[in-house]
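Asker: sequence isn't available, so here's the structure alone:
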C-alpha cells in the first residue's frame, strides 16, 4: 500500500471522551477479548475500564503492589492478567469480575524494579526481568520459579516470539538476547546498542520496548539515540530487525531531542510500526511507519507525552496513554494543593475501518 | 534548564554611604596579621591549632532527596525505589544508598531543609555562601570562609583544595570579598597542579638558595610599604613549596587495590578517594564536585546510575574516616543547590525543589546516627521548623569550633558576621 | 595599548585577529575614545574603519558551556565598560540597594541588544540586527505591571523606534542610535567612566571604586578631581594619549609606594602613597623577556600572529597569571598556580640559561661581583643596588666560586620571581 493510501486509511481520529486517571500511568493494554482496558503506573494500582459500555465504566482497581507497576501482560486466552512492580513483586489476577481475585503472587520475584514481563504464546509460563539483570521464568499456573539466567544489563523489555519457541529480552546497554523458550539458554544476541548512551556520567537509554509483528518475521524495539545537553534526552527512535537474520533493516527516527524516549510500540496487522514518544512536557510524537518506506506516513505531536499505546484486538481503535504533568521548578500549588500530575487515555479510531 | 542570568543579589556591592556608616563606629583594624584581618584574632589562633578539617561533596544540579536521604515509599511521589533499613535504628534511606546505609550510624541527616532559590544561577551561590544577610558584599563560599577563619593546618598545605572534573587552576571567585588569596586551588580531574614537580634543572640545594634569596628581596621590598602584597606573595610561594614536597599525594601507584575497589574507578570514586588523601595529608578544606545531577528528565534511571556512583565511594570515605579516628576532627558535608520536586513531570523527571530537602553530614562536632527534622507524609513540605542554609552554616562553623555568633570578618573596617545572624545552629545536630 | 584595551574590553574571553588588527590600527592612528566606542557599538565588517570592532559583540553573543546566548550580559557590559554602571541587578526590578539604578535603565538598552545576534563563521566578526519595530515590554518581578520602552541610553531620553525604511534600503539600525548617542561629550557618565578607568590604569585605584559602580551613593574619593579629569578629557576630544601623558606627569602617579607607616599606612583611596599595581600576564612576559634579553629575539612584529616560542611562552604566562575569562583584572592576584609556574616551568627557567647576547651571557663575562650586581639590578630592577645588595651578591659568589654559572642563574631567577620585579610599584 502506498504511503498516502495508508495515511488515508489509518490516520487516527479521537473517539469519544478520553479516559482519565488522577495519577500518572505508565502502560495501558487491552485484554485479548477487547472488553477491558487495564493501565498501571506510579501509585501501585492497576486500573480497569470496561469498554463494552458507552461511555466505558471504571471498575475497582487491583491493589496488591508497591512502588510502580510498569508492566503487565494477559494470558493469551484472556483469563489471567500478570503484573509486576518496582519492589520486585509479581501477581497473577483473575481480573474480569468487578471484584478481582489475586490468584497467586511472588513477593520477592526480583531484587527490586521489575521492568519487563511477557507471557508465552501457550500461556503456560511467563518471563520477567528488571534492574537486577536477571531473566526469570515462572509457571503461569502456580508462580513457581522455572529458571533464572543473568543478563549483561538491566532488563528493560521482553517479548515471546508468536510461533518460534523463543524469548527476547532487551537491556539498558542496547543488547537484545534471544533465549530458548524456557529462557535457560542464550541462542543469539542482536545489536541495538545505538539505543544505549553513556552521557554526563550517566548510563542512558536502553531498549525500552520490544515487539514482534503478527507473523514473527520482524522485531521492533524502541528507545532514544544521540542525547545532547544536560538532561540525557535524545531523539526518539525505533529499530526494525529481520527476525531470521537478526539484521537491522531500518532505523525509524522522528522529531527532535526534546521529543525524547520512544516508550512503546506495536506492529499493526497491516504491517506498520506504531510508536509513541514522550519527553519534555508538551513534547513527543505518535508515528506510524511502514518498514521499507523512507519516512513515517503519519506523524503527529497534537497529543504529546505518549507513554503507551495499545491496539484494540478488533483493529479498529488504538488506546494512547499520555502523561499530563507539567514541569516547573519550585512551589506550584493549584487551589492550595500540590498537583502531582495525572494520566489520560485517548481512544483513537482509524479513518477507515480495516 | 538554565535561566537567563537573573538578578544576583549577592553581587550587590558595597555602597560607600554604608561603608562610611560602619567605619564611623571604629578605627581601621590591623592589617598586618598573617592571615589578613578578622575580628577576634586571638580566637582565630586557637582555632587554627585545633586542626579541624572539612570535606564538602557538592552534587551539582540537585540531588533528589526522595531517591536518597528522605525516601517516601507508598506515597504519591515516592517513585519506584524501596527504602531500606540502615545501621542507625529507625532511619531508612533509599535503596540506591545501600552501602551508605551501613555507615548511617556515623551520619547526621537534616531532613527539614527549606531554602530560597529554585534556579541554579541563584541557588548555587546562595547555598555555597550560606545566604548571609545582604550587606552589599559578595560573601565567600564555605571553603574560602574556612580557609580564612582557620587558615592552613600545620601541614602548610593550601587550606582550600577543590577536586573537580575537567580543568584545574586557581579559582578566585569562591573567595568573594575575602580576596582572591582565599580562593580554591583546583585539581582538574584530581590531577596535580601544573608545575608541581621540582624542575629537574634545579637541585634541591639550588631551590633552597633561590627561595632564600627571593625572600630576602621581598623582605627588603616590603619594608616601609603596605604589607598586603608581600604577605599574599609569600603565602602562595610557601603553599606551593609545601605542595611540591608532597608530590606523593598525586602518585596513583600509592593507591591500594583495595581502595581502588572500594571507592570505584569512576570519576566520583577517584575524586572522593583523592579527597580522603588530601584530608589525610592535612588540607584544611576539600571540596569535591560532581556534575550533571539536574535530572529534569528520566530521573529514576539517572538516579539509579548516579546515586550509586556517589554511594559507593561516600560509604568508603565515611568508613575510612571512622576507622582512622578522623571523624572526630573532620566535618563531612553532602550538599546541592536544592532538592528535587516531589512531583514527577511528564519527562519522568523531577525539577528544582528548595521547599523541602535533605542534607547529609557527619563528623566533628555532630551527633552520629541521627535524622533531624522531617517532611510531611508525601514529602512535599517540611513538617515542623524549616531550616535554611544559614542554620546549616551556623551548625557547621560551630562543629568546626568557630563560634559564629561571636566572629565577624573585617572587610576593610566593615564587620561582617561569618553566618547569617538571623539564623542559629541546629542544636539537635550538634554533639 | 592594544593589549591593555583588549584585556579591558574583552576580559579574557578570547582573541581574534581582525579585532587585534582593528585595535592596533586604532591606537596607531590615535583614534579618540569616543570614536573607538562609536565603532565598537556600531561595527560594520565591510567598512575598513570598523571591521573587526564587532568582536566586542560577537564574542559575548557566543554560547559558552550550557549557558544560553547572554543578551543581558552584553547589555550589562555595555553599561559597565562605557558608562561605569553595572545594571545587572536592575534587569528584573529596580536595583534593591542602588537608588539610581532603575529597571528601565537596563531595559532600554536591552531592547536593542535583544535583537542582535552574531553571524556564524565569519572571517571578520559580524552581527545581524533584527529591525526594532515596536517597543520592548517588561515587568518587574515585584509588581507585575507591564511597562514598555523604546531604545534608550541609560539615564537618557527614550529614542523613537526607527521608522521602517523605504523598500530597497537597508533597515534602520538601533545600534546606530546607541552609537550616536552614548559616546558623546554631553554624556557625563561616558566621560567620567573613561576618566576613572584611565586613572585606575595609571594610578592603580579608581577615584570611583569599584569601577563599575558610579552612582550617587558611591561618590568619587576626590569629586573635583574626577570632574576636572572628565571635563578636560572631553575638551581634548577624548585623546587617550594626551590623557595618559597628563596622568603620567601627575604627582600622584609619581608617588612612591614606600613611606613611614605611622601608625598605619594611609588608606589607598588617599593616594598619599603610590599604589602597587598588578602587571598583566602580557606585561610580565614582556618585562621578563626584556630583562633576560630575549624580547627582541622572540616578539613578533606588530600585526603578525603569535607563533613558535613566543606563542608557547605567552600561553604559559597567560595560564599562570591571567584571570579566568569574564573576570575583570583589577587587583594584584597571588596564586599557588602562579608560584608553581615561577618555581618550575621549564620554558621560563630556560630563559635563565646563557645564550649569546642575553643577560646571562653579559654577566658571565663580568668578573667583579659589584659589576655583576650592577648589571643585574639595572637590567631587572632598573635601579642600582645598594651597598647591602652588592654585598649580598658578592657573598653568593664567594660562597661557591666553583658554581659561578649556576649562581648567576639562581640570582637572576630570584630577582625575576621577586615582588619588586613582578609588581608595578
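Answerer: Perfect, I can see it now. Given the structure is predicted, the values throughout are model-derived calculations rather than measurements.

Asker: burial of the spatially closest residue to residue C:252 that is not a sequence neighbour, as a residue count?
Answerer: Residue nearest to residue C:252 in three dimensions, not counting chain neighbours: residue C:271, with 5.0 Å by CB to CB, 6 or more residues apart in numbering or on different chains. Using the backbone N, CA and C atoms, a C-beta is placed for each residue, glycine as well. Neighbour count for residue C:271, taken as other CB atoms under 10 Å in any protein chain shown: 22.

Asker: my guess is residue C:271 contacts residue C:253. True?
Answerer: No - counting by CB atoms under 8 Å, residue C:271 sits too far from residue C:253 to count as a contact (9.5 Å).

Asker: who touches both of the two?
Answerer: Counting by CB atoms under 8 Å, 6 or more residues apart in numbering or on different chains, the common neighbours of residue C:271 and residue C:253 are residue C:203.

Asker: and the closest residue to chain A within the stretch 101-250 of chain B, what does it touch?
Answerer: Closest contact between the stretch 101-250 of chain B and chain A, by CB to the nearest CB, is at residue B:118 (3.3 Å). Residues near residue B:118 by CB under 8 Å, 6+ apart: A:329, A:330, A:331, B:338, B:352, B:353, B:354.

Asker: ok, the fifth one to residue B:117 distance?
Answerer: Translated: residue B:352. 8 Å (CB to CB, to the nearest Å).

Asker: with the first one instead?
Answerer: The gap separating residue A:329 from residue B:117 is 9 Å, by CB to CB.

Asker: and for residue C:336?
Answerer: With distances taken as CB to CB, residue C:336 is found 32 Å from residue B:117.

Asker: same check, this time on residue B:247
Answerer: For residue B:247, the distance to residue B:117 - CB to CB - is 41 Å.

Asker: then residue A:11?
Answerer: Counting by CB to CB, the gap from residue A:11 to residue B:117 is 47 Å.

Asker: the more surrounded of those two?
Answerer: Between residue A:11 and residue B:117, counting by other CB under 10 Å, residue B:117 is the more crowded of the two (21 against 16).

Asker: of the contacts of residue B:118, buried ones?
Answerer: Buried by 16 or more other CB atoms under 10 Å in any protein chain shown: A:329, B:338, B:352, B:353, B:354, out of these.

Asker: so the fourth one sits against residue B:337, correct?
Answerer: It refers to residue B:353. No - counting by CB under 8 Å, residue B:353 does not reach residue B:337; the two are 10.7 Å apart.

Asker: now for these two: what residues contact both?
Answerer: The contact lists of residue B:353 and residue B:337 share residue B:62, where a contact means CB under 8 Å, 6+ apart.

Asker: quick one: buried residues of stretch A:146-159?
Answerer: So for stretch A:146-159, counting by 16+ other CB under 10 Å, buried means A:146, A:147, A:149, A:151, A:153, A:154, A:155, A:156, A:157, A:158, A:159.

Asker: nearest to chain C: which residue in chain A?
Answerer: residue A:230 (5.7 Å).

Asker: confirm that residue sits in a helix?
Answerer: No - assignment of residue A:230 by DSSP: H, G, I helix; E, B strand; the rest coil gives coil, placing it outside any helix.

Asker: how much space between it and chain B?
Answerer: Going from residue A:230 to chain B by CB to the nearest CB, to the nearest Å gives 6 Å.

Asker: and that residue, how close does it get to residue B:305?
Answerer: From residue A:230 across to residue B:305, the span is 15 Å (CB to CB).

Asker: before we move on, what about residue B:70?
Answerer: Separation of residue B:70 from residue B:305 (CB to CB): 20 Å.

Asker: mind checking which of the buried ones among the contacts of residue B:118 are in strands?
Answerer: Among the buried ones among the contacts of residue B:118, the residues falling in strands (DSSP state E) are B:352, B:353.

Asker: quick check: of the buried ones among the contacts of residue B:118, which lies closest to residue C:75?
Answerer: residue A:329 (24.6 Å; CB to CB).

Asker: quick one: least confident helix or strand in chain A?
Answerer: When each helix and strand of chain A is scored by mean pLDDT, DSSP states H and E, strand A:333-334 comes last, with a mean of 78.

Asker: could you pull out the strands in the stretch 251-354 of chain A for me?
Answerer: Taking DSSP state E, counting those that start in this stretch as the test, the strands found in the stretch 251-354 of chain A are A:261-267, A:273-278, A:286-289, A:298-300, A:306-311, A:317-324, A:333-334, A:337-338, A:342-350.

Asker: tell me which of these lies nearest to residue B:358.
Answerer: Nearest of the strands of the stretch 251-354 of chain A (CB to CB): strand A:337-338, 18.0 Å.

Asker: is the closest one in proximity to chain B?
Answerer: Yes - for strand A:337-338, a contact with chain B is found by CB under 8 Å from any CB of the partner chain, at residue A:338.

Asker: just stretch C:52-60 next, same as before
Answerer: No - using CB under 8 Å from any CB, stretch C:52-60 stays clear of chain B, coming no nearer than 12.1 Å.

Asker: can you give me the strands in the stretch 301-425 of chain C?
Answerer: With strands called from DSSP E, counting those that start in this stretch, the stretch 301-425 of chain C shows them at C:423-424.

Asker: now chain C
Answerer: Under the criterion DSSP E, chain C contains strands at C:116-118, C:127-129, C:136-139, C:146-149, C:277-278, C:423-424.

Asker: what of the stretch 1-150 of chain A?
Answerer: Using DSSP E, counting those that start in this stretch, the strands assigned to the stretch 1-150 of chain A run over residues A:12-14, A:19-21, A:25-30, A:36-41, A:45-50, A:57-63, A:69-74, A:81-85, A:90-94, A:101-106, A:114-119, A:125-130, A:134-139, A:145-150.

Asker: this completes my enquiry, with thanks.
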